[in-house]
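Chemist: predicted model, plus sequence, below.
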Amino acid sequence: MKRFLQKNGFLVLFIATVAAVTLCVVNFFSTNTSPLSNFINTALTPIRSGYTAVAGWVEHQRAHFADVHEMEARIEELEIQLAETERKLRQAEADSEENQLLRELLNLRQQQRDFTYESAKVIEQGGSNWESSLTLNRGSKHGVEMGDCVISSTGYLVGIVSELGGNWCKVLTVLDTEFSMGAMDFRTEEVCVAEGNFHLMPEGRLTARYVDTNSDMAVGDLIVTSGFGGYYPQGLVIGTVESVQVDDSGLSLTATLRPRAALDELTQAFIIKDFVVVD
């Protein structure tokens, strides 16, 4: 063995050195990244960073749209709730108006216990240059008759029934040129005739004619139905005197009246179907 080492020592040393170096190189590359791998990873790092950023943005947008969708659903829910609340408010207002009308009607009945009323809604306003009328949703099947007086909720005269159907009637208002009714000054009890006037109708006025020249009628006096003859009720307020002048004949006075009923604003009216005649 000694002789072998003496003859081949250099070769053995060389082989051992090569083996040791080889083991070192293998060990190095087994614990460190190869140049090729390092190059590839270095090149891919920006791409990976970009992908990570894009993925993060997409996830953010997905969450954002999910929030938007949830918000839109909530808004839609709130809109439905708002519409329902508005509907309830409208119903409450309608109920309140109906209750008010019922209270007014009760008050009318307490004031005029000898009247029989039929409540009606105004379904059409028929005013024109030659006519002033209303159409109500009550007719013959409700006991309404031609010539019945129609009043407002405050008891002011609106007009008289001039046309009649089963479930409707037409009312000529106190402004219509066909309207004429026995009247009197509530303060002085002087009689006259309340009539519609073609020239005054556009102004929302009517006249009280055939007033005695010695009459004490004055501006501000109330003109009411006289009830004479028993055809119409007595004491219904027609209007207020705005002016008094001598008529064209010079034999009597004529007064201009402003109706007390708000004819343009009526939505509800009351038809007097029956009343007790006052002698």
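Modeler: Received it, and whenever you're ready, just let me know what you need.
Chemist: now the strands for the stretch 151-279 of the chain?
Modeler: Listed in chain order, the strands of the stretch 151-279 of the chain (DSSP state E, counting those that start in this stretch) span 157-164, 169-173, 180-185, 191-195, 206-211, 222-225, 237-246, 253-259, 268-275.
Chemist: can you pull out the low-pLDDT segments for the chain?
Modeler: Along the chain, the parts satisfying pLDDT under 70 run over 1-68, 76, 79, 81-113, 127, 277-279.
Chemist: at which residues are the helices of it located?
Modeler: Assigned by DSSP state H, the helices in the chain fall at 2-31, 35-111.
Chemist: isn't V224 up against Y232?
Modeler: No. Look at V224 against Y232 with Cβ atoms under 8 Å: they stay out of range, at 10.7 Å. C-betas here are computed from N, CA, C, even on glycine.
Chemist: ok, now how distant is L206 from A183?
Modeler: Remark: distance between L206 and A183 (Cβ to Cβ, to the nearest Å) = 10 Å.
Chemist: run through the bridge partners of V150.
Modeler: Beta-bridge partners recorded for V150 (DSSP bridges): G159, I271.
Chemist: overlap in contacts of L206 and A183?
Modeler: Residues touching both L206 and A183 by Cβ atoms under 8 Å, 6 or more residues apart in numbering: A194, I238.
Chemist: and the closest residue to G165 other than its chain neighbours, what does it touch?
Modeler: In space, and not counting its chain neighbours, G165 is closest to G139: 4.6 Å by Cβ to Cβ, 6 or more residues apart in numbering. G139 is in contact with L164, G165, G166, N167, W168, C169, counting by Cβ under 8 Å, 6+ apart.
Chemist: tell me how many other residues surround T225.
Modeler: When neighbours are defined as other Cβ atoms under 10 Å, T225 has 20 of them.
Chemist: how about G230?
Modeler: If you count neighbours by other Cβ under 10 Å, G230 ends up with 12.
Chemist: next, work out how far apart it and G182 are.
Modeler: Distance, G230 to G182, by Cβ to Cβ: 11 Å.
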